[in-house]
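Test case, fold it:
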Amino acid sequence: MKKARLAFKKIKGFTLIELLIVIALLGALAVGLLAALDPFEQLKKGTDTGVRNTVSEIQGAFIRYYAIKNEMPWGLSTTSISSLASDGTFTGYINSVIATGELKQDFFKLAGNQLSSINVMGSPESMTVCFQPKSKSFRSDYNTKYDSTGAEATGSCPNGNSSSCYWCVR
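Model (predicted):
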């Protein structure tokens, strides 16, 4: 009688087939989620966000410098810089802004390699700071409507996905 009771006792747990089915379903969901999120696009978007913040910081600092000194660091000349990282003159302008306290002392270290993708165009009383976005979401942003000189582009740029358009702050 004792043996008969043991034979009818239910063992709780999952079978190997049930576990394999659940693992397969979770794997399929993970692959679908990974395809929907596009991790490379997310990395590009994160990089563009960092560059956009640096662009805004530079533009704001130069405007504040103008408010204090009543002139841009380049004085009465008009300047156009294709890349902040490769231009020694503009490094001097940024150092002037750092000296007034409008940018952090370690700005160059914090900005890192972002400076190589930032363009600056300035006149005696204004400036435009731009970068060329890499992510799809930034290329379709409203502010991505300028050409490499900071002028508003006509044709393919306004809200387009053209890779020749720039995101600018004026």
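
who's in contact with the residue positioned nearest the centre of the chain?
The centre of the chain sits closest to Asp48, judged by Cα atoms, centre = their mean, with a distance of 1.6 Å. Asp48 is in contact with 131, 133-135, 137-138, 167, counting by Cβ atoms under 8 Å, 6 or more residues apart in numbering. Placement of C-beta: from N, CA and C, glycine included.

ok now the strand or helix carrying it, how far from the chain's centre?
Taking DSSP states H and E as the criterion, Asp48 maps to helix 39-69. Its chain's average C-alpha position is 9 Å from that of helix 39-69, according to Cα atoms, centre = their mean, to the nearest Å.

give the contact list for Ser126.
Applying Cβ under 8 Å, 6+ apart, we find Ser126 in contact with Arg170.

What score does it have for pLDDT?
What the model reports for Ser126 is a pLDDT of 81.

Against Lys134, how distant is it?
Note on Ser126: its distance to Lys134, by Cβ to Cβ, to the nearest Å, is 27 Å.

try Ser148
Using Cβ to Cβ, Ser148 is found at 15 Å from Lys134.

And for Phe107?
Separation of Phe107 from Lys134 (Cβ to Cβ): 23 Å.

Return the alpha-carbon coordinates of stretch 72-81 using CSV.
Coordinates of each C-alpha in stretch 72-81 appear next as CSV, following Å, rounded to 0.1, in the frame of the first residue of the first chain:
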residue,chain,number,x,y,z
MET,A,72,33.3,88.9,-30.3
PRO,A,73,36.7,87.5,-29.5
TRP,A,74,37.7,87.9,-33.2
GLY,A,75,36.9,91.6,-33.1
LEU,A,76,35.6,93.3,-36.2
SER,A,77,36.7,90.7,-38.7
THR,A,78,34.5,87.9,-40.1
THR,A,79,35.7,84.4,-39.5
SER,A,80,34.8,81.0,-40.8
ILE,A,81,36.2,77.9,-39.2
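
Just give the nearest non-adjacent residue to the residue nearest to the centre of the chain, would you?
Residue nearest to Asp48 in three dimensions, not counting chain neighbours: Phe138, with 4.4 Å by Cβ to Cβ, 6 or more residues apart in numbering.

doesn't the one you found fall inside a helix?
Yes: with DSSP: H, G, I helix; E, B strand; the rest coil as the criterion, Phe138 is located in a helix.

residues touching it, list them.
45, 48, 52, 144, 167.

thought the fourth one was touching Lys134?
Put plainly, it is Thr144. No: using Cβ atoms under 8 Å, Thr144 makes no contact with Lys134, being 11.2 Å away.
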